[in-house]
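*Asks:* Sequence plus predicted model, see below.
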Amino acid sequence: MILDLKKIFENSNKYIDKKVTVQGWIRNHRKQKSFGFIDFSDGTHQTHLQIVYDDTIPSFKDIAKLHIGSAITVTGNIIKSPKEGQPVEMQACEVILEGDCSEDFPIQPKRHTREFLRDFAYLRPRTNLFSAVFRVRSKVAYAIHKYFQDKGYVYFNSPLITASDCEGAGEMFRVTSLDLDNINGKVDYSKDLFSKPTSLTVSGQLNAESWAMCYKKVYTFGPTFRAENSNTKTHANEFWMVEPEIAFCDLNQDMDIMEDLLKYIVKYTLENCKEEIEFFDKFVENGLIDKLNKLVNSKFIRIDHDEVIKILKEADVKWEFEPEYGEDIAKEHEKYITEYFDGPVFIKNWPKDIKAFYMKQNEDGKTVAAVDLEIPGVGELMGGSQRENDYEKLESRMDELGMNKEELDWYLDLRKYGGCVHSGFGMGFERLLMYLTGVENIRDVIPYPRTPNNCKY
């Protein structure tokens with residue numbers, strides 16, 4: 001029978017002294033005169049299987065010539081391993097070469113830098129680190145869907161091509177069918193495919209709001225795009241966002257959901273990715289397991305933006321960027337606040353002038369019902385708000401910002417056609433993965449990262 005390593009290692013006693021077949025790749029190969037050891041992986045489990053073969057096998061000489069990276073099918077007996085740290089190994093009876101690997105294979109059994117491996121993104125899952133990272137990515141994506149599906153949310157697929165800028169930042173990739181090599185002067189968009197300027201979406205939120213007005217609870221989970229020329233560890237031009245939208249939900253209820261979702265995901269990861277998290281704790285971020293467990297058991301603080309600025313101003317710290325009322329906070333401020341409260345912090349009721357047009361205006365006329373969730377060691381992980389459900393206030397705010405109301409007339413109309421109090425938030429999937437794995441660069445949690453000057457593969 002053909003088995004995955006996951007099944008063998010999770011039920012090792014069941015398969016001892018049983019003949020099984022495995023299929024995968026050679027990670028390392030140590031050859032002796034009359035026997036050899038193959039370090040074998042099929043990608044289904046963090047632990048590798050040691051395959052032992054000797055010269056009693058008719059094809060011994062051919063097996064000894066197998067290269068690192070080759071794809072093989074192996075049949076043999078599972079036996080208890082005398083080596084500490086591995087429960088079982090395989091005594092091979094037959095090894096079949098499925099696909100040879102040339103000797104210039106870049107992923108050799110030695111420590112490679114993450115920068116080096118980015119140049120071989122199509123091969124890096126064959127390393128221990130990235131095998132773990134992308135298996136966790138898969139599990140966490142499932143956990144997100146499971147959370148929302150179990151709570152009755154409808155999964156909504158928002159469009160990737162849009163004519164509206166949800167965030168109002170203007171950092172969008174233009175989409176066109178026009179021949180860019182033969183455009184002289186001003187572009188005539190009436191001749192373009194959609195007869196108007198269109199771009200790749202920065203958020204599915206506005207569309208999700210319309211679905212929430214029917215299904216009550218919806219969520220989007222898909223790729224979003226930003227055309228910003230930013231070369232930091234936390235920014236990419238293509239990334240995934242989780243965006244729930246909930247009708248009959250105010251800002252406080254929104255924060256309840258944000259906290260519940262994050263704790264659920266962290267707990268699910270600890271329970272279902274034990275081998276990977278132990279690997280990260282040992283080789284990537286010492287203390288990771290304790291950090292994640294602490295979050296699950298933390299009380300999330302809720303505090304107004306003005307109060308945060310007051311704390312920062314009174315702190316005995318020489319800031320690189322001086323905190324000011326009415327202004328955004330910097331990374332150093334986020335770090336201080338989470339350390340000050342020794343845990344996650346919801347910063348709410350932000351200055352209206354630095355937040356998006358769709359956020360609910362508070363009675364003071366100066367702030368909006370917006371919230372950012374700051375996490376120790378990460379900074380902002382989620383951002384949300386109660387949405388403005390008053391037609392006149394929303395229209396007035398769009399006028400203040402000089403926005404094209406015709407492009408968003410349908411969004412305004414939602415306030416006329418049975419609108420209600422509603423809220424939502426966004427969570428960057430890759431930033432979540434960075435927190436869960438301890439991996440510091442967003443380029444290393446995305447299979448094929450898209451960053452300035454990099455669109456390979």
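*Replies:* Arrived safely, thanks for sending.
*Asks:* in the stretch 351-457 of the chain, which spans are strands?
*Replies:* Along the stretch 351-457 of the chain, the segments classed as strands by DSSP state E, counting those that start in this stretch run 367-375, 379-386, 422-428.
*Asks:* Give me the contacts around the shortest one.
*Replies:* The contact list for strand 422-428, computed with CB atoms under 8 Å, 6 or more residues apart in numbering, reads 203, 205, 208-209, 212-213, 239-251, 253-254, 257-258, 261-262, 369, 371, 381-387, 389. (Glycine included, C-beta is placed from N, CA and C.)
*Asks:* That one pairs with which strands, parallel or anti?
*Replies:* strand 238-247 (antiparallel), strand 379-386 (antiparallel) (DSSP bridges).
*Asks:* mean confidence for that strand?
*Replies:* Mean pLDDT, computed over strand 422-428, is 97.
*Asks:* now that strand against strand 367-375, angle please.
*Replies:* 40 degrees (axes from the mean of the first three to the mean of the last three CA atoms, to 10 degrees).
*Asks:* re earlier: any chance of the strands of the stretch 351-457 of the chain in JSON lines with distance to His145 as columns?
*Replies:* Shown next, in JSON lines, are these (distance: least, CB to CB, whole Å):
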{"stretch": "strand 367-375", "distance to His145": "21"}
{"stretch": "strand 379-386", "distance to His145": "17"}
{"stretch": "strand 422-428", "distance to His145": "13"}
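*Asks:* want to throw those into TSV with distance to Arg226 and mean neighbour count?
*Replies:* Formatted as TSV, the strands of the stretch 351-457 of the chain follow (distance: least, CB to CB, whole Å; neighbours: other CB atoms under 10 Å):
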stretch	distance to Arg226	mean neighbour count
strand 367-375	18	24
strand 379-386	14	22
strand 422-428	11	24
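*Asks:* who wins for proximity to Lys217 among those?
*Replies:* strand 422-428 (9.9 Å; CB to CB).
*Asks:* Could you export that closest one as PDB, CA atoms only?
*Replies:* What follows is strand 422-428, C-alpha atoms only, in PDB (Å, rounded to 0.1, in the frame of the first residue of the first chain):
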ATOM      1  CA  HIS A 422     -22.700  47.400  10.100                       C
ATOM      2  CA  SER A 423     -19.000  46.900  10.600                       C
ATOM      3  CA  GLY A 424     -16.100  44.900   9.400                       C
ATOM      4  CA  PHE A 425     -12.400  44.600   9.400                       C
ATOM      5  CA  GLY A 426      -9.400  43.400   7.300                       C
ATOM      6  CA  MET A 427      -6.500  41.200   8.300                       C
ATOM      7  CA  GLY A 428      -3.400  40.700   6.200                       C
END
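*Asks:* thinking again about what came up before, whichever of the contacts of strand 422-428 end up buried, select them in PyMOL.
*Replies:* Listed next is the PyMOL selection for buried residues among the contacts of strand 422-428, using 16 or more other CB atoms under 10 Å:
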select buried, resi 203+205+208+209+212+213+239+240+241+242+243+244+245+246+247+249+251+254+257+258+261+262+369+371+381+382+383+384+385+386+387+389
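*Asks:* Show me the helices in the chain, by range?
*Replies:* 5-10, 12-15, 60-64, 114-118, 128-150, 205-215, 251-272, 274-283, 288-296, 305-314, 331-341, 391-400, 409-413, 429-437 (DSSP state H).
*Asks:* and the ones you listed, which is most packed in?
*Replies:* Among the helices of the chain, helix 429-437 has the highest mean neighbour count (mean count of other CB atoms under 10 Å), at a mean of 23.
*Asks:* Return the list of helices and strands in contact with that helix.
*Replies:* Where contact means 3 or more CB pairs under 8 Å, 6 or more residues apart in numbering; DSSP states H and E, helix 429-437 is packed against helix 128-150, strand 238-247, helix 251-272, helix 274-283, strand 379-386.
*Asks:* Need these in a markdown table (columns: mean pLDDT).
*Replies:* What follows is the helices and strands packed on helix 429-437, written out as a markdown table (pLDDT from 0 to 100):
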| stretch | mean pLDDT |
| --- | --- |
| helix 128-150 | 98 |
| strand 238-247 | 97 |
| helix 251-272 | 98 |
| helix 274-283 | 97 |
| strand 379-386 | 96 |
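*Asks:* Asn453 is nearest to which of those?
*Replies:* strand 238-247 (14.0 Å).
*Asks:* Figure out how far the closest one is from the centre of its chain.
*Replies:* Taking CA atoms, centre = their mean, to the nearest Å, the mean C-alpha location of strand 238-247 is offset from the chain mean by 12 Å.
*Asks:* my guess is Ile289 meets Phe279, correct?
*Replies:* No - assessed by CB atoms under 8 Å, Ile289 is found out of contact with Phe279, at 10.9 Å.
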